[in-house]
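**Q** Following is a predicted model, sequence given first.
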Amino acid sequence: MWRSFFLAVGLSVCIIGLECLVVDSFVVSAEGGLLGSTEAGRSGSRELTPPDWAPWSLLSTGAVTMLYSFTIPQRVGGGKH
């Protein structure tokens, strides 16, 4: 269970890092959503710009976490018998 948990966390962090590498800025809206109206305007929205170091830090952290997940069976239970 721990192996799959850390693998999923590492993969999610890598995906977020890839998204930050591709996109210049994110617009986060507090109103609306999938079922809400889009005519409300941008009064409750914020624009987030990731710093230059964020994509590479997230990618490397996710990669190290995924590599760590492959060593968990040897540490916890001694591997498969």
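**A** Everything's here; your move. Numbering: from 1, shown residues only.

**Q** Off-centre distance for the helix or strand Cys14 falls within?
**A** Taking DSSP states H and E as the criterion, the element that holds Cys14 is helix 2-22. Centre-to-centre, helix 2-22 and its host chain are 5 Å apart (Cα atoms, centre = their mean, to the nearest Å).

**Q** got a list of contacts for the helix or strand following that helix?
**A** Using DSSP H and E, the helix or strand that follows helix 2-22 in sequence is strand 26-29. Residues from elsewhere that reach strand 26-29 (Cβ atoms under 8 Å, 6 or more residues apart in numbering): Arg42, Gly44, Ser45, Arg46, Glu47, Leu48, Thr49, Pro50. To be clear about C-beta, it is placed using only N, CA and C from the backbone, and glycine gets the same treatment.

**Q** where does Glu47 land in three-state SS?
**A** Secondary structure assignment for Glu47 (DSSP: H, G, I helix; E, B strand; the rest coil): strand.

**Q** just the one 10 residues further on next, same as before
**A** Classification of Ser57 into helix, strand or coil gives helix, according to three-state DSSP.

**Q** Contacts only, for the spatially closest residue to it that is not a sequence neighbour.
**A** In this structure, Ser57 finds its nearest non-sequential neighbour in Gly17, 7.5 Å apart by Cβ to Cβ, 6 or more residues apart in numbering. Listed by Cβ under 8 Å, 6+ apart, the contact partners of Gly17 are Ala54, Pro55, Trp56, Ser57, Leu58, Leu59, Thr61, Gly62.

**Q** again, only using 10 Å
**A** Pro50, Ala54, Pro55, Trp56, Ser57, Leu58, Leu59, Ser60, Thr61, Gly62, Ala63 (Cβ atoms under 10 Å, 6 or more residues apart in numbering).

**Q** could I get those as a markdown table with pLDDT and distance to Val13?
**A** A markdown table is the format used below for the contacts of Gly17 (pLDDT from 0 to 100; distance: Cβ to Cβ, whole Å):
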| residue | pLDDT | distance to Val13 |
| --- | --- | --- |
| Pro50 | 91 | 13 |
| Ala54 | 94 | 11 |
| Pro55 | 95 | 11 |
| Trp56 | 96 | 12 |
| Ser57 | 96 | 10 |
| Leu58 | 96 | 5 |
| Leu59 | 96 | 8 |
| Ser60 | 97 | 9 |
| Thr61 | 96 | 6 |
| Gly62 | 96 | 4 |
| Ala63 | 96 | 9 |
